[in-house]
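>>> build the 3D model from these lines:
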Amino acid sequence: AGSFTLETIARVGYRLAPLPAADPAGRDPAPADSTAAPAPPVPAPPVVAASPPRAEDAGRRPTATTRRTLLIGAGALLVGGAVAAGLAWRRAGRHVPTAEALQLYERGALLSREALPGQMRQAVTYLEQAVRLDPEFGAAWGALALAYSHLLGHAGEVEPASLPDRITGAAARAAELDPGNADAVLALIALTPTFRNWADKEERLRSLLREHPRHWLAHGRLAMLLYQVGRLDEGVAAHRRALAIEPMLPIAYAAIIRSLSALGRVQEADATVDRAGQLWPGHPVLWITTFNHLVYSGRPRAATGFASNADTLPTGFGPRQVEPRLRLARAVETRAPADVAASLADQLPLARAQPESIPAVVAALAALGETGLAFDALDRYLLDRGDFGQPAPLTATTERGTEVLFVRPTATLRSDPRFATLLYGVGLDDYWRRVGVEPDFRRGAA
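Numbers count the residues shown, from 1 in each chain. All right, here's what the predicted structure looks like:
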């Protein structure tokens, strides 16, 4: 196809010789996809040993079978070389990590993608060991900074006060060893809370993606920000770009399911549930997302059947996780006062004691028709006002999730005058004016 030529090395074998990709005017051709990452440099041509020539073959042209065999072998070498060249540290002049450090780096990256409970701390441990073994491994330092940023807001995983210094320290080391390291830049962006910093953070993420359009997590974090500001359709598109780069992202699938359900695209959400279930049967986030999708899209009986199926339960899930959800599904289905009261007895103590649980509880309250309680909880969570539950002080570093305002069950709240007041008080109206967009629900898309 004009990409390479096959050269003979006398008495040794064959090698690939890449051809320069230039037009007759000497200019490089424009890439077909302007958003794709630059192709990695081609490694030194590999050599394939050949059997010694036989006397009876002297002067013969290669047979069709011989030519086909050579081309198949050459193709295999080309693929292998491209994989190796895709590793940042394999580029000419870059540090080559030790084998043990590289293995630890890859393990940490895998656990970061899977996003199972407790795994992020293990991912951090692997990456800390990698940079300890090979302090010059810039990519591992960037990945470590990014892994630390995953722990922000998860106090049970690590002492939260130590995280900013850990992130900045690892990111600085990555930038020193690997200037422009995208992981390090993304980790530093994460230090700024998304809450009330939506516009500035969106621009920083988009700037990073202009430089690194193949960074799947940057697409993912942009998607999560877009969900927070009611731009669900754009968020789904951003997460799908992330999945096109890295298909094994359970959190991306969960977010897409929630957003498609909120947008009323129930069949698409169902198909995504099926696909995610095939890839990660028993993933806890996907299990919860699937249950919520069923119960909040008008299928509480299907949600009950799903939650009652022991074969689909995530590891470690038992009556404590299942029974409150069964009571919620029953209350949504019957609306009987006794059933609603039983579900509220599960939901309200949790939200009053733990402000971080309020978004999930608000979705349930809205689905149960408890509009007043839902607004009381939101006022406490997003504005720290009112008398609902424990105080929830807001500081410059406080993170709050606003996606709950745009999920499917809270659609019942949006016609209430208190909803507009809440949007104004939180600052979302100002964000929409500043960036010149409207949320999906105002455009009739959700």
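>>> read off the pLDDT value for residue 65.
We have a pLDDT of 41 for residue 65.
>>> going forward can the numbers begin at 35, since that is how I track them
That works, and once the first residue is 35, the last one we named lands at residue 99.
>>> excluding sequence neighbours, find me the nearest residue to the spatially most central residue of the chain.
Centroid-nearest residue in the chain: residue 254, 4.2 Å away (criterion: Cα atoms, centre = their mean). Nearest residue to residue 254, sequence neighbours excluded (Cβ to Cβ, 6 or more residues apart in numbering): residue 276, at 4.5 Å. In short, each C-beta sits where N, CA and C put it, glycine included.
>>> tell me the SS of that neighbour?
Secondary structure, DSSP: H, G, I helix; E, B strand; the rest coil: residue 276 is helix.
>>> tell me how far it lies from residue 137.
With distances taken as Cβ to Cβ, to the nearest Å, residue 276 is found 25 Å from residue 137.
>>> settle it for me: which of those two has more neighbours?
Per other Cβ atoms under 10 Å, whichever of residue 276 and residue 137 has more neighbours is residue 276, with 23 against 15.
>>> CA-only coordinates of the helix or strand that residue 241 is a member of in CSV, if you can.
Element membership of residue 241, judged by DSSP states H and E, is helix 232-245. The C-alpha coordinates for helix 232-245 follow below in CSV (Å, rounded to 0.1, in the frame of the first residue of the first chain):
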residue,chain,number,x,y,z
TRP,A,232,-17.5,25.2,35.9
ALA,A,233,-16.5,27.7,33.2
ASP,A,234,-12.8,28.1,34.1
LYS,A,235,-12.4,24.4,34.6
GLU,A,236,-14.2,23.6,31.4
GLU,A,237,-11.8,25.8,29.5
ARG,A,238,-8.8,24.2,31.1
LEU,A,239,-10.0,20.8,30.2
ARG,A,240,-10.7,21.8,26.6
SER,A,241,-7.3,23.4,26.4
LEU,A,242,-5.7,20.1,27.5
LEU,A,243,-7.7,18.2,25.0
ARG,A,244,-6.5,20.5,22.2
GLU,A,245,-3.0,19.4,23.1
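>>> show me what whatever helix or strand comes next after it is packed against.
As assigned by DSSP H and E, the chain's next helix or strand after helix 232-245 is helix 250-262. Using 3 or more Cβ pairs under 8 Å, 6 or more residues apart in numbering; DSSP states H and E as the contact test, the elements touching helix 250-262 are helix 216-224, helix 232-245, helix 266-279, helix 284-296.
>>> tell me where the stretch 335-480 of the chain has helices.
For the stretch 335-480 of the chain, the helices defined by DSSP state H, counting those that start in this stretch occupy 353-368, 371-387, 392-401, 405-412, 451-460, 462-469.
>>> tell me what the third one is packed against?
Other elements packing on helix 392-401 under the criterion 3+ Cβ pairs under 8 Å, 6+ apart are helix 318-330, helix 353-368, helix 371-387, helix 405-412.
>>> now render those helices as TSV, adding mean pLDDT, distance to residue 398 and mean neighbour count.
Shown next, in TSV, are the helices and strands packed on helix 392-401 (pLDDT from 0 to 100; distance: least, Cβ to Cβ, whole Å; neighbours: other Cβ atoms under 10 Å):
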stretch	mean pLDDT	distance to residue 398	mean neighbour count
helix 318-330	97	9	23
helix 353-368	98	6	18
helix 371-387	97	5	16
helix 405-412	98	9	21
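>>> now these as a markdown table including distance to residue 292?
Converted to a markdown table, those look like this (distance: least, Cβ to Cβ, whole Å):
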| stretch | distance to residue 292 |
| --- | --- |
| helix 318-330 | 6 |
| helix 353-368 | 16 |
| helix 371-387 | 19 |
| helix 405-412 | 18 |
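>>> which of the ones you listed sits closest to residue 150?
With Cβ to Cβ as the criterion, residue 150 lies closest to helix 318-330 of those, at 7.3 Å.
>>> kindly calculate the angle that the closest one makes with helix 392-401.
Helix 318-330 and helix 392-401 meet at an angle of 20 degrees, taking axes from the mean of the first three to the mean of the last three Cα atoms, to 10 degrees as the criterion.
>>> got the angle for helix 318-330 vs helix 284-296?
Inter-element angle recorded for helix 318-330 and helix 284-296: 10 degrees (by the same axes, to 10 degrees).
>>> now residue 160, nearest residue through space, not along the chain?
Residue 160 sits nearest to residue 142 (Cβ to Cβ, 6+ apart), 3.8 Å away.
>>> now swap in residue 302 and tell me
Residue nearest to residue 302 in three dimensions, not counting chain neighbours: residue 294, with 4.7 Å by Cβ to Cβ, 6+ apart.
>>> next one: residue 201
That would be residue 182: by Cβ to Cβ, 6+ apart, it lies 4.7 Å from residue 201.
>>> quick check, pLDDT for that neighbour.
On pLDDT, residue 182 comes in at 94.
>>> quick one, what contacts it?
Applying Cβ atoms under 8 Å, 6 or more residues apart in numbering to residue 182 gives the contacts 158, 197, 200-201, 204, 221.
>>> and if you look at residue 358?
Counting by Cβ under 8 Å, 6+ apart, residue 358 has contacts 377, 380-381.
>>> check the offset of stretch 181-189 from the chain's centre.
Computed by Cα atoms, centre = their mean, to the nearest Å, the separation of stretch 181-189 from the middle of its chain amounts to 14 Å.
>>> report the buried residues of that stretch.
For stretch 181-189, the neighbour count (16 or more other Cβ atoms under 10 Å) marks 181-186 as buried.
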